[in-house]
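Participant: Task: produce atomic coordinates for the following.
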Amino acid sequence: MSISKENKKEIINFYYEKINEFEGDIKNGKFEGKGILYDEKGNKKYEGEIKNNKFEGKGIKYNENGNKLYEGDYKKGKPEGKGISYYENGNKRYEGYHKNGKPEGKGIEYYENGNKYYEGDYKNGFCEGKGISYYKNGNKYYEGDYKNGFWDGKRIKYYENGNKRYEGDYKNGLGKEKEYIMMKMVIKYMKEIIKMVFVKEKEQNIMKMEITYMKEIIKMVNQKEKG
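Facilitator: Okay, the predicted model is just below:
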């Protein structure tokens with residue numbers, strides 16, 4: 001059935017998309033119960049439970065190509081509880097719990113290639129608590145504590161090949177990495193050595209030149225004495 005202007009306005013305000021057809025139940029002039037929403041081209045945009053013109057309960061949202069964008073629980077038109085969001089190619093983007101439309105609690109984020117990007121705790125849409133982040137190849141990148149999306153507290157960092165890189169503390173995403181500090185010290189030390197070697201070589205070259213010059217003078221003196 002076609003959607004009335006009033007109902008269409010409420011749905012558009014939530015979707016930010018044009019919704020033209022609805023298949024399901026209406027109660028007191030509003031969508032209520034299980035139903036399907038379609039866009040102007042006849043593509044399915046949402047399928048699931050609706051209450052008071054808003055998504056409420058189990059539902060699936062689709063993109064214009066017919067692929068799933070989100071599947072899971074809704075409350076007052078926003079993801080709430082357990083759900084899965086997807087990339088355009090159909091691979092999972094996020095799987096876990098939501099609150100007020102944002103990741104909250106346990107969840108897993110994925111790269112577009114299907115490998116895990118992050119697995120752990122969320123709060124208000126940010127990484128918060130214990131978590132593990134990964135390289136695109138699937139190996140661990142970071143394992144430890146997060147706060148407001150930043151590394152914070154005890155943690156372990158890894159190289160892309162899986163070997164451990166650093167283990168220690170972080171604060172607001174910044175850490176005193178011992179291997180980094182040591183590397184800076186080594187580089188500084190090597191520069192000093194190179195400088196010393198260069199000066200030494202320069203001094204040696206000057207000395208060689210002076211010796212050669214003295215030999216030439218002695219040779220000239222000897223020739224004059226013989227003459």
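
Participant: Please parse this protein into its domains.
Facilitator: Listed domain ranges for the chain are 5-178, 179-227 (source: automatic domain parsing).

Participant: which stretch in these has the least confidence?
Facilitator: Ranked by mean pLDDT, the domains of the chain bottom out at domain 179-227, with a mean of 56.

Participant: now the strands: where do they sit in this structure?
Facilitator: Taking DSSP state E, the strands of the chain run over residues 21-27, 30-38, 44-51, 54-62, 68-75, 78-86, 92-99, 102-110, 116-123, 126-134, 140-147, 150-158, 164-171, 174-175.

Participant: Pipe those strands into JSON lines and attach mean neighbour count per row.
Facilitator: C-beta: built from backbone N, CA, C; applies to glycine. Listed next are those as JSON lines, based on neighbours: other C-beta atoms under 10 Å:
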{"stretch": "strand 21-27", "mean neighbour count": "15"}
{"stretch": "strand 30-38", "mean neighbour count": "18"}
{"stretch": "strand 44-51", "mean neighbour count": "20"}
{"stretch": "strand 54-62", "mean neighbour count": "20"}
{"stretch": "strand 68-75", "mean neighbour count": "19"}
{"stretch": "strand 78-86", "mean neighbour count": "19"}
{"stretch": "strand 92-99", "mean neighbour count": "20"}
{"stretch": "strand 102-110", "mean neighbour count": "19"}
{"stretch": "strand 116-123", "mean neighbour count": "20"}
{"stretch": "strand 126-134", "mean neighbour count": "19"}
{"stretch": "strand 140-147", "mean neighbour count": "20"}
{"stretch": "strand 150-158", "mean neighbour count": "18"}
{"stretch": "strand 164-171", "mean neighbour count": "15"}
{"stretch": "strand 174-175", "mean neighbour count": "14"}
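
Participant: and Asn100, how many neighbours does it have?
Facilitator: 12 (other C-beta atoms under 10 Å).

Participant: OK, contacts around the residue lying closest to it once chain neighbours are set aside?
Facilitator: Setting aside the residues directly before and after it, Asn100 is nearest to Lys78 in space (C-beta to C-beta, 6 or more residues apart in numbering), at 6.0 Å. Residues in contact with Lys78 (C-beta atoms under 8 Å, 6 or more residues apart in numbering) are 55, 98, 100-101.

Participant: got it, and Tyr87?
Facilitator: By C-beta under 8 Å, 6+ apart, the neighbours of Tyr87 are 93, 112.

Participant: Distance of it relative to Lys116?
Facilitator: Going from Tyr87 to Lys116 by C-beta to C-beta, to the nearest Å gives 14 Å.

Participant: before we move on, the earlier item: what's the farthest-apart pair in the contacts of Lys78?
Facilitator: Farthest-apart pair in those is Phe55 and Asn100; separation 13.4 Å (C-beta to C-beta).

Participant: Ramachandran coordinates for Lys136?
Facilitator: Per-residue torsions, Lys136: phi -60, psi -30 (degrees, to the nearest 10).
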